[in-house]
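J.: only geometry, no sequence info:
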């Protein structure tokens, strides 16, 4: 007979509330039942009541970490529905902010993981570096977390030369700091003891569970939606980061390497940015339906939008990456030890508020 | 696999000034263009109500009759600056967070 141990909703390693009902046989987990719904806010219903322009501010509040990417996905959806062509410069600016978001999200995730295995020093230093990225975002858009920089038809703010120099300088400093910190994350003896071989999700299981983002890439799938070349990614040079050891360590390594990749992408985008308009005017109301995908720090997000020719959308549906990763998380947890649950949960970088909207 | 991978950083941290500020006494100045607080210059306001219509969180109430008034619930404001962009008379602006509201001590 197995014992049921509730993990969460309040637990020191969890930044947000989710409950995992773990059925244990001694210390080994035999089955997992995730219980969500602690932070449901009804954003999808609210989106039907606000008009479609106001929704672009609303969807940004789905998640505090990938906020810009949510509004970007939404605006891309509306633009596709209304057949608006976004100016090239706006596309590049979107890449800049999206990649800055990816850097700060990954640093946050790595910091939380370091905190979870008791490496407070590393946690605080990673977050100190993250602060540089937040400053870069605040200077360029006016907000540290909620950028509100994306709008239908382009972006709301431009980056001038002074801001560009500031961003590049912050990236340079951040990169120098990360060159010292990331090796600690990847090489340290105690960190490796905590992560290597923990939470195995093999390649076939990752595919079967529908894992996305770093969780899938840590299991050897080169699944990165950016390679399809939406916004300005088609003009930038990058390869998806893939690790093949399928454990928590692989997923951490993917995030570590993606931070460098994103720094490089921001530089490329700032460098190649053409000098055009940043916003186009549009007429009319959204009509029809569209499903749009974007690569967020945690994986692929899916927006389904249905317009009826009025100010208000008929339906907005968001499938966030953490939602797709929960089945993968259950696969990883089955058969692992109770003491490793914290590491495994944080290795998929769960964003519960995203999931429940 | 390394032991003491963090050692260099620990030594470095001993000899450098803290990354944090002495907060309540020493505040970080906002960047130019930071969206801090919504302020209105009522002299130019024509009470058209466009800002109230654009606001995603219904924080602004504008009345024309019987009295002209512009009211703003600062706890509902999500600091998105949609009203600032919409204002036809440019009498709304985003002030830095250090600036005080007119009724604030």
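T.: Arrived safely. Predicted model, so just to flag it, every value in this text is computed and none were measured.
J.: The residue lying closest to residue A:350 once chain neighbours are set aside: helix or strand, and which one exactly?
T.: Residue nearest to residue A:350 in three dimensions, not counting chain neighbours: residue A:322, with 5.1 Å by CB to CB, 6 or more residues apart in numbering or on different chains. (Glycine included, C-beta is placed from N, CA and C.) Assigned by DSSP states H and E, residue A:322 falls within helix A:321-333.
J.: Check which helices and strands that helix sits against.
T.: strand A:28-35, helix A:203-209, helix A:213-217, strand A:299-308, helix A:341-347, helix A:352-356 (3 or more CB pairs under 8 Å, 6 or more residues apart in numbering or on different chains; DSSP states H and E).
J.: On the pLDDT front, check the residue nearest to residue A:350 for me.
T.: At residue A:322, the model reports a pLDDT of 89.
J.: quick check, residue B:61 in a helix?
T.: No. Counting by DSSP: H, G, I helix; E, B strand; the rest coil, residue B:61 is not found in a helix; it is strand.
J.: if I pick it, what's in contact with it?
T.: Residue B:61 sits next to B:52, B:69-73 when contact means CB atoms under 8 Å, 6 or more residues apart in numbering or on different chains.
J.: got the residues of the stretch 151-300 of chain A near chain B?
T.: A:156-157, A:180-181, A:183-184, A:187-189, A:192 (CB under 8 Å from any CB of the partner chain).
J.: how close does residue A:251 get to chain B?
T.: 19 Å (CB to the nearest CB, to the nearest Å).
J.: Helices of the chain, start to end?
T.: As the question left the chain open, I've gone with chain A. A:43-49, A:52-58, A:67-82, A:88-116, A:120-141, A:161-187, A:189-195, A:203-209, A:213-217, A:248-272, A:321-333, A:341-347, A:352-356 (DSSP state H).
J.: wait, I meant chain B there
T.: So, for chain B - with DSSP H - the helices run B:7-14, B:50-54, B:82-86.
J.: now the second one: mean pLDDT?
T.: Helix B:50-54 comes out with an average pLDDT of 88.
J.: Which other helices and strands does that helix contact?
T.: Using 3+ CB pairs under 8 Å, 6+ apart: helix B:50-54 touches strand B:60-63, helix B:82-86.
J.: Now mean pLDDT too, for the ones you listed, in CSV please.
T.: Below are these laid out as CSV (pLDDT from 0 to 100):
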stretch, mean pLDDT
strand B:60-63, 89
helix B:82-86, 88
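J.: For residue A:249, which of those is the nearest?
T.: helix B:82-86 (44.3 Å; CB to CB).
J.: What is the burial count for residue 32?
T.: As the question left the chain open, I've gone with chain A. Applying other CB atoms under 10 Å in any protein chain shown, we find 19 residues neighbouring residue A:32.
J.: my question was about chain B
T.: 10.
J.: Distance of it relative to chain A?
T.: 8 Å.
J.: pLDDT score assigned to residue 96?
T.: The chain I'm using is chain A. With respect to pLDDT, residue A:96 has a value of 91.
J.: look at chain B instead
T.: 86.
J.: Am I right that it is in contact with residue B:38?
T.: No. Residue B:96 lies out of contact with residue B:38 (CB atoms under 8 Å); the separation is 11.8 Å.
J.: If you count surrounding residues, which of those two has more?
T.: Using other CB under 10 Å as the criterion, residue B:96 and residue B:38 rank with residue B:38 on top: 22 against 15.
J.: Return the backbone torsion pair for the residue lying closest to that one once chain neighbours are set aside.
T.: Excluding its sequence neighbours, the residue lying closest to residue B:38 (CB to CB, 6+ apart) is residue B:77, at 5.9 Å. With angles defined as degrees, to the nearest 10, residue B:77 sits at phi -60, psi 130.
J.: per-residue confidence at residue B:77?
T.: pLDDT, residue B:77: 89.
J.: what residues are up against it?
T.: Counted by CB under 8 Å, 6+ apart, residue B:77 has contacts B:38, B:57, B:59.
J.: before we move on, back to that, return the set of buried residues in the helix holding residue A:322.
T.: Neighbour-count burial for helix A:321-333, counted by 16 or more other CB atoms under 10 Å in any protein chain shown, picks out A:321-326, A:328-333.
J.: what's the answer for stretch B:8-19, then?
T.: In stretch B:8-19, residues buried by neighbour count (16+ other CB under 10 Å) are residue B:9.
J.: What lies in contact with that stretch?
T.: Applying CB under 8 Å, 6+ apart, the contact partners of stretch B:8-19 are A:121, A:125, A:128, A:131, A:180-181, A:184.
J.: Which members of those residues are the farthest-apart pair?
T.: In these, two members sit farther apart than any others by CB to CB. They are A:131 and A:184, at 18.2 Å.
J.: ok, the two, which is more surrounded?
T.: residue A:184 (22 against 16).
J.: can you pull the pLDDT of that one?
T.: So, for residue A:184, pLDDT stands at 83.
J.: shouldn't it be in contact with residue A:191?
T.: Yes. Assessed by CB under 8 Å, residue A:184 is found in contact with residue A:191 at 7.3 Å.
J.: what do those two both touch?
T.: In contact with both residue A:184 and residue A:191: no residue, using CB under 8 Å, 6+ apart.
J.: Find the nearest non-adjacent residue to residue B:59, please.
T.: residue B:76 (3.8 Å).
J.: and the one you found, what does it touch?
T.: B:57-59.
J.: Tell me the one of the residues you listed nearest chain A?
T.: Set against chain A, the nearest of those by CB to the nearest CB is residue B:57 (8.2 Å).
J.: Make a markdown table out of the helices of chain B and add distance to residue A:95.
T.: Rendered in a markdown table, the data for these read as follows (distance: least, CB to CB, whole Å):
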| stretch | distance to residue A:95 |
| --- | --- |
| helix B:7-14 | 32 |
| helix B:50-54 | 28 |
| helix B:82-86 | 23 |
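J.: burial count for residue A:175?
T.: Neighbours of residue A:175 (other CB under 10 Å): 18.
J.: So for it, what's the nearest residue that isn't a sequence neighbour?
T.: residue A:263 (5.5 Å).
J.: any idea how far that neighbour is from chain B?
T.: For residue A:263, the distance to chain B - CB to the nearest CB - is 20 Å.
J.: show me the contacts for that residue.
T.: A:99, A:103, A:171, A:174-175.
J.: swap the cut-off to 10 Å and go again
T.: A:99-100, A:102-103, A:133, A:171-172, A:174-175, A:178 (CB atoms under 10 Å, 6 or more residues apart in numbering or on different chains).
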